[in-house]
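# here is a sequence with its predicted model. Questions after.
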Amino acid sequence: MPLSLSELTNAMSAAARSAGQSASTAGKDLTGDVERFVLPQMEGIASQIISIQTGGFDEDTAQLLMSMEIHHVSSVICSVSELVALEVQNIINAALQAVAGLVNTSLRFALL
């Protein structure tokens, strides 16, 4: 049975949206990041699956192509994670900066 690019993309996008809505890191809703960075990659995965189905690849080549596509998407998702980690670090830095003067004056040396 031929696979449909739109059906594959829609199913993967729905799953990614659901995962993004249920995931939360440091109180940050990841839905916007999933929409901006992850969902555009779903069509690439779906397209690769269609190419594998119609391209007549042997199993080893098909597995390699799929692995490469998934690795690419994983890199994008890791980039989103790095953005979240940066935001968490900014929160910590702001909190420390808020008390740095008081702490450093009290200790008589620069701890923060």
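Great, that's in hand.
# might you list the low-confidence residue ranges for the chain?
Residues of the chain that meet the criterion pLDDT under 70 lie in 1, 19-30, 88.
# quick check, central residue of it?
Centroid check for the chain by Cα atoms, centre = their mean gives Ile77 as the closest residue, at 2.3 Å.
# that one and His71, how far apart?
Noted for Ile77: a distance of 11 Å to His71, by Cβ to Cβ, to the nearest Å. Yep, even glycine has a C-beta here, placed from its N, CA and C like the rest.
# just Ala95 next, same as before
36 Å.
# do the same with Arg17
If you measure Arg17 against His71 using Cβ to Cβ, the figure is 22 Å.
# so between those two, which is more surrounded?
Each of Arg17 and His71 has its neighbours counted (other Cβ atoms under 10 Å); Arg17 has more, 16 against 9.
# can I assume the more buried one sits in a helix?
Yes - according to DSSP: H, G, I helix; E, B strand; the rest coil, Arg17 belongs to a helix.
# how much space separates the closest residue to it other than its chain neighbours from Ser75?
Of all residues not flanking Arg17 in the chain, Val34 sits nearest, at 6.2 Å (Cβ to Cβ, 6 or more residues apart in numbering). The gap separating Val34 from Ser75 is 15 Å, by Cβ to Cβ.
# fine, thanks again, bye for now.
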